[in-house]
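Trainee: I need the structure of the sequence given here:
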Amino acid sequence: MKLKYILKTVSFVLIGLIMANCSNDVDDVIQDNDGDTISNQVDNCIDIANENQLDTDGDGLGDVCDDDDDNDGVMDVDDNCPLTANPNQEDIDTDGLGDICDDNLALPQYPCEDGFADIYPCDGYDLMAHIPAASLGGAGAEGNDSWGWTDPTTGKEYALVGTTTCAAFVDISDASSPILLGTLPTATVNSIWRDIKVYQDHAFIVSEAGGHGMQVFDLTRLRNVANPPETFTADAHYTEFGNAHNIVINETSGYAYAVGTNTFSGGPHFINIQNPIVPVAAGGYATDAYSHDAQVITYNGPDADHIGKEILIGSNVNEVVIVDITDKANPVNISSIGYSNIGYTHQGWFTEDFNYFMLGDETDELGFGGNTRTLIFDFSDLDNPSLHFEYLGNTLAIDHNLYIKDGLCYQSNYTAGLQVLNITDIAGGTLTFEGSFDTYPANDSTSFHGVWNVYPYFASGNIVISDIEGGLFIVRKSVN
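Mentor: The predicted structure follows:
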C-alpha cells in the first residue's frame with residue numbers, strides 16, 4: 001500500500017514537470033512580440049523585427065532599437081559614422097561623413113605645418129590642391145577673377161576661374177584632386193580682366209576685351225563631360241554692351257548689372273536674366289558715372305524705409321554710392337559717402353546683418369603708404385551713412401576684393417594672399433586676424449602681383465583663390 005502511494009505521488013510529480021516543460025515551450029512560441037521568429041526570451045530587440053539580430057557594439061541591444069549603435073556616446077541621429085565608434089566625430093573634409101568611415105576622404109596635398117604648406121606661407125589654412133595658370137588658360141595665361149557653383153542635383157562643387165584667354169571650369173568635389181573639365185574661350189580677344197557670376201545654374205561672363213559682351217554658359221553641361229578638358233561654346237551671347245569691367249547679380253530679383261561698360265557712362269547696365277539664356281536689356285544708371293564694382297541686394301536690414309527694395313552699393317572710384325534701383329526706369333540716388341586719403345574706391349561687401357559695409361581702396365597703400373587699409377562704414381541708415389572705423393592689416397600689400405561669410409571677412413590682398421579677419425566685434429570697432437594663405441611667397445610688397453579674388457561660399461569649406469601668376473589654389477581651414 002505504501003509503495004503504491006509512493007508510485008502514485010511520483011507519477012503526479014513527473015506529470016507536473018512534463019506539463020510545466022510543455023507550458024514553457026508553448027510560451028516561447030507565443031511570446032514573439034515582433035513576429036520575427038525570435039522568441040522574446042532570446043530576442044535582442046523584442047518589439048522591432050530583426051531576424052539577423054545585428055548588434056554592432058555588442059551591448060546586447062539590437063541595432064534596430066539601439067539609439068547609439070557603435071556605443072561611442074554620440075546618438076545615431078547626430079553621429080557622422082553611426083556604426084563605427086568615433087566619439088570625437090573627426091571630419092577633416094567637412095563633408096558630413098566621419099573620417100573613420102569616409103572612403104572618399106579629401107586630405108590636403110600640403111597641410112599648413114610650421115607656417116608653411118609646401119612653399120606657401122600659411123596660418124590656419126591647408127593647401128588642398130593647385131592648378132597653374134598655364135594649365136587653365138594655356139601658355140602665357142594669367143589668372144584674374146573667380147566664382148563658384150554647387151550643382152543642386154549632385155552636390156558637386158565647381159570652381160569657375162577667369163584667365164586672360166578664357167573662363168575655366170574645374171570640378172573640385174574631391175578638393176585634393178581637382179579636374180579641369182574645360183574652358184570657354186574669350187568672345188573676342190584676350191584681356192587681363194574677366195569676371196564671372198552665377199544665377200540659376202548659369203555662368204555670366206564679361207571682360208574688358210573690346211566687343212566681348214556677356215557670355216552665358218549652362219553649368220549643368222559640366223555633369224556630362226566625357227573627355228576633359230573640353231573647349232565649350234556659349235549658350236547665349238548678350239551684345240548690348242561691348243567691354244565691361246565687372247558683373248553683379250542679385251539672385252533674388254533675377255537681374256544682372258554690368259559695371260564699367262561702354263554704356264551709361266560706365267554706370268550699371270541693367271539686364272533681366274530671369275530666363276538665363278534669353279537676357280533682356282532693362283535700362284541703366286548713368287547719374288553717378290563710372291562704377292568699378294558693386295553689390296546689389298534685396299534689402300532686409302535695419303533701415304525700415306528701404307526694406308524690400310533693390311539697393312545697389314557702387315564702388316565708384318572716388319566715393320561709395322547707395323542707389324535704389326527697384327524701379328529700373330527711375331533709379332534714385334539715396335546717398336553717397338567719401339573718406340580721407342582716397343586712392344581708388346574699388347570694392348566692398350555688406351555684413352550679413354546689413355548694418356555695416358566693408359570697403360577696400362585699391363591704391364591708397366601706393367599713394368599714401370602704410371599697411372593694408374580696410375574701411376568699415378555704418379550703413380544702418382542708408383540715407384546717412386558714416387565711417388565707423390578703419391582697420392590696418394599686418395602687411396604692406398594692396399587690397400583687392402573681399403567677401404563676408406559667417407562672421408569672417410575673406411580678403412584677396414595681392415602679394416599677401418588670402419587674409420581672413422574675424423568681424424564678430426565689428427560693432428565695437430574691432431577686427432581680429434583669423435588666418436591667412438599666401439599664394440605669392442616672393443614678398444608682401446605694395447605691388448600688383450598675387451591674389452586677385454577669393455570665393456569662400458562652398459558648404460564644404462573649400463575656398464577658391466585665383467592668383468594672377470599662380471592660377472587656381474584650393475585651400476581649407478586646418479582642422480588643428
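Trainee: so where's the stretch 301-450 of the chain shaky on pLDDT?
Mentor: Applying pLDDT under 70 to the stretch 301-450 of the chain flags no residue at all.
Trainee: Show me the helices in it, by range?
Mentor: Assigned by DSSP state H, counting those that start in this stretch, the helices in the stretch 301-450 of the chain fall at 364-368.
Trainee: Would you quantify the distance from the spatially closest residue to residue 450 that is not a sequence neighbour to residue 417?
Mentor: Take residue 450 and drop its neighbours on the chain: the residue closest to it by Cβ to Cβ, 6 or more residues apart in numbering is residue 440, 3.3 Å away. Any C-beta I mention is one placed from the backbone N, CA and C, and that applies to glycine too. Separation of residue 440 from residue 417 (Cβ to Cβ, to the nearest Å) stands at 6 Å.
Trainee: neighbour-wise, which of these two wins?
Mentor: A count of neighbours by other Cβ atoms under 10 Å puts residue 417 above the other of residue 440 and residue 417, at 29 against 23.
Trainee: Spit out the contact partners of the closest residue to that one other than its chain neighbours.
Mentor: Take residue 417 and drop its neighbours on the chain: the residue closest to it by Cβ to Cβ, 6+ apart is residue 438, 3.7 Å away. By Cβ atoms under 8 Å, 6 or more residues apart in numbering, residue 438 lies in contact with 120-122, 415-418, 444, 450.
Trainee: next one: residue 300
Mentor: Neighbouring residues of residue 300 by Cβ under 8 Å, 6+ apart: 307-308, 354.
Trainee: where does it land in three-state SS?
Mentor: Put simply, residue 300 is coil when judged by DSSP: H, G, I helix; E, B strand; the rest coil.
Trainee: pLDDT wise, what is it at?
Mentor: On the pLDDT scale, residue 300 is placed at 97.
Trainee: Export the contacts of residue 438 to TSV and append columns for distance to residue 73.
Mentor: As requested, the contacts of residue 438 are exported to TSV (distance: Cβ to Cβ, whole Å):
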residue	distance to residue 73
120	39
121	39
122	34
415	47
416	43
417	40
418	37
444	46
450	46
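Trainee: Show me which of those is closest to residue 184.
Mentor: Distance to residue 184 across the contacts of residue 438 (Cβ to Cβ) is lowest for residue 450, with 24.9 Å.
Trainee: ok, the residue nearest to residue 450 touching residue 415?
Mentor: Yes - using Cβ atoms under 8 Å, residue 440 is in contact with residue 415, at 4.8 Å.
Trainee: Overlap in contacts, these two.
Mentor: Shared contacts of residue 440 and residue 415 (Cβ under 8 Å, 6+ apart): 449-450.
Trainee: PyMOL command for the buried members of the contacts of residue 300?
Mentor: The buried residues among the contacts of residue 300 can be selected in PyMOL (16 or more other Cβ atoms under 10 Å) with this line:
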select buried, resi 354
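Trainee: measure residue 352 to residue 301 for me?
Mentor: Remark: distance between residue 352 and residue 301 (Cβ to Cβ) = 10 Å.
Trainee: Ok, residue 372 next?
Mentor: Residue 372 sits 27 Å away from residue 301, going by Cβ to Cβ.
Trainee: what's the closest of the contacts of residue 300 to residue 266?
Mentor: Of all the contacts of residue 300, residue 354 has the smallest distance to residue 266: 26.3 Å, by Cβ to Cβ.
Trainee: So what's the residue count around the closest residue to that closest one other than its chain neighbours?
Mentor: With sequence-adjacent residues excluded and distances taken as Cβ to Cβ, 6+ apart, residue 354 is closest to residue 301, at 2.7 Å. Residue neighbour count, defined by other Cβ under 10 Å, stands at 20 for residue 301.
Trainee: same question, residue 448
Mentor: Neighbours of residue 448 under the rule other Cβ under 10 Å: 15.
Trainee: quick one: contacts for the closest residue to residue 393 other than its chain neighbours?
Mentor: Nearest non-adjacent residue to residue 393, counting by Cβ to Cβ, 6+ apart: residue 372, 3.5 Å away. By Cβ under 8 Å, 6+ apart, the contact list for residue 372 reads 365, 392-399, 411, 413, 416, 419.
Trainee: Counting neighbours, which of these end up buried?
Mentor: Buried residues within the contacts of residue 372, counting neighbours by 16+ other Cβ under 10 Å: 365, 393, 395-399, 411, 413, 416, 419.
Trainee: farthest-separated two in these?
Mentor: Among the buried ones among the contacts of residue 372, 396 and 411 lie farthest apart (Cβ to Cβ), at 14.2 Å.
Trainee: related to what we said a few turns ago, gap between the residue nearest to residue 417 and residue 130?
Mentor: Distance, residue 438 to residue 130, by Cβ to Cβ: 13 Å.
Trainee: Return the list of helices and strands in contact with the helix or strand encompassing residue 126.
Mentor: For residue 126, the host element (DSSP states H and E) is strand 125-131. On a contact count with 3 or more Cβ pairs under 8 Å, 6 or more residues apart in numbering; DSSP states H and E, strand 125-131 meets strand 116-117, strand 432-437, strand 471-477.
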